[in-house]
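Peer 1: Predicted model follows, preceded by the sequence.
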Amino acid sequence: MRIGIMAAGAVGGYLGARLVQAGHDVVFFARGAHLKALRDNGLKVVSPQGDALIKPVTATDDPGTVAPVEIVLFAVKLWDTERAGEQIRPIVNANTRVITLQNGVDSVERLAPILGADCVAGGTALIATVIQEPGVILHSSKFAQVRCGRIDGKPDAALSAFVAAAKAAGIDITQSDNMQRDRWEKFVFLIGMSGATALTRMPIGAILADPDTRALFRNILDEVAAVGHAAGAGLAPDFAENRFNYALTVPYGMKASMLHDLERGNRLELDWLASHVVELGRKLGVKTPANTAVYTALKLLRTGKPA
């Protein structure tokens, strides 16, 4: 298949590399030092599921120079959604499917007016990856799980073909018939991880080992799940407890991408994560004091350190 990776960051770079290994025609969109490293040295993946070196790499910063693709894995930061959506319009046609693998719960709705509702599918990626240095993706978890599907739940042959191809490439992927619920399930855990690890500047293992920070993590999960229930997300009644128990099984040193961004002085996705929970809670009549505390404590850092 012909696949575009927008962009070749930690998640997109990892998945794109696995697809190239399986023989697919993959073009990576990147910029700056990362793009230069991809062109000069290739794409390196360091992973417990097997290292990889993709060289040469088809990489560009201008989607307008590339022919249309069958699939776009859309994994840009949340603040970049509309701009990146406009950028990839030249490579999207009626037969293309753009799968959002972003952290929020409204990416499909933001992209649909730009690319067309039938072209945009929801997606989630449960994976711990980070750009270790330009051109190098570090995958630190034993899991790398992807779900994708239409928000309206309809069958989609183009998505089904991609899922089959990705499975053949060794990717743990499932096509969902309830993507609305699935993206909220990811959102609950993500908000808990991002809020607790970024607020404390500590990995999840240390947070769970202390009774006070452990309670904070659980409170964040409970609030997001309550907002999801009020929003009609279809979460199981005990879903927050389920995710809390799951957190007990992840590697001690696991950190959310927001903490990695905070440590590097990068811009944070806070306005689309904890802040979005607070806003939805206010609209739906759900109190969110823990998430409000996360947002308040981090909001002055959300634009990153001055250059």
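Peer 2: Yes, it's here.
Peer 1: mind listing what the closest residue in space to E263 that isn't next to it in sequence touches?
Peer 2: If the residues on either side of it in the chain are set aside, E263 comes closest to R201, at 7.7 Å by Cβ to Cβ, 6 or more residues apart in numbering. The C-beta positions use only the backbone N, C-alpha and C, and glycine is treated the same way. Applying Cβ atoms under 8 Å, 6 or more residues apart in numbering to R201 gives the contacts 259, 262-263.
Peer 1: Which among the residues you listed count as buried?
Peer 2: 259, 262 (16 or more other Cβ atoms under 10 Å).
Peer 1: I'd like the contacts of R201 as JSON lines, with pLDDT, distance to F189 and secondary structure appended.
Peer 2: Formatted as JSON lines, the contacts of R201 follow (pLDDT from 0 to 100; distance: Cβ to Cβ, whole Å; DSSP: H, G, I helix; E, B strand; the rest coil):
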{"residue": "L259", "pLDDT": "96", "distance to F189": "15", "secondary structure": "helix"}
{"residue": "L262", "pLDDT": "96", "distance to F189": "19", "secondary structure": "helix"}
{"residue": "E263", "pLDDT": "95", "distance to F189": "21", "secondary structure": "helix"}
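Peer 1: Dihedrals phi and psi, the residue nearest to E263?
Peer 2: phi 60, psi 30 (degrees, to the nearest 10).
Peer 1: Could you do I173 as well?
Peer 2: phi -130, psi 140.
Peer 1: F162: what's it in contact with?
Peer 2: 1, 3, 70-71, 97, 99, 148.
Peer 1: Tell me which residues are up against stretch 278-289.
Peer 2: 219, 223, 226-227, 230-231, 277, 291-292, 295.
Peer 1: again, only using 10 Å
Peer 2: Contacts with stretch 278-289, where a contact means Cβ atoms under 10 Å, 6 or more residues apart in numbering, come from 105-106, 219-220, 222-232, 271, 274, 277, 290-296.
Peer 1: can you map out the strands along the chain?
Peer 2: 2-6, 25-29, 43-46, 52-54, 59-60, 71-74, 97-100, 120-133, 136-149, 172-175 (DSSP state E).
Peer 1: TSV for those strands, including distance to V163?
Peer 2: Putting these into TSV (distance: least, Cβ to Cβ, whole Å) gives the following:
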stretch	distance to V163
strand 2-6	13
strand 25-29	16
strand 43-46	21
strand 52-54	21
strand 59-60	25
strand 71-74	10
strand 97-100	10
strand 120-133	11
strand 136-149	7
strand 172-175	5
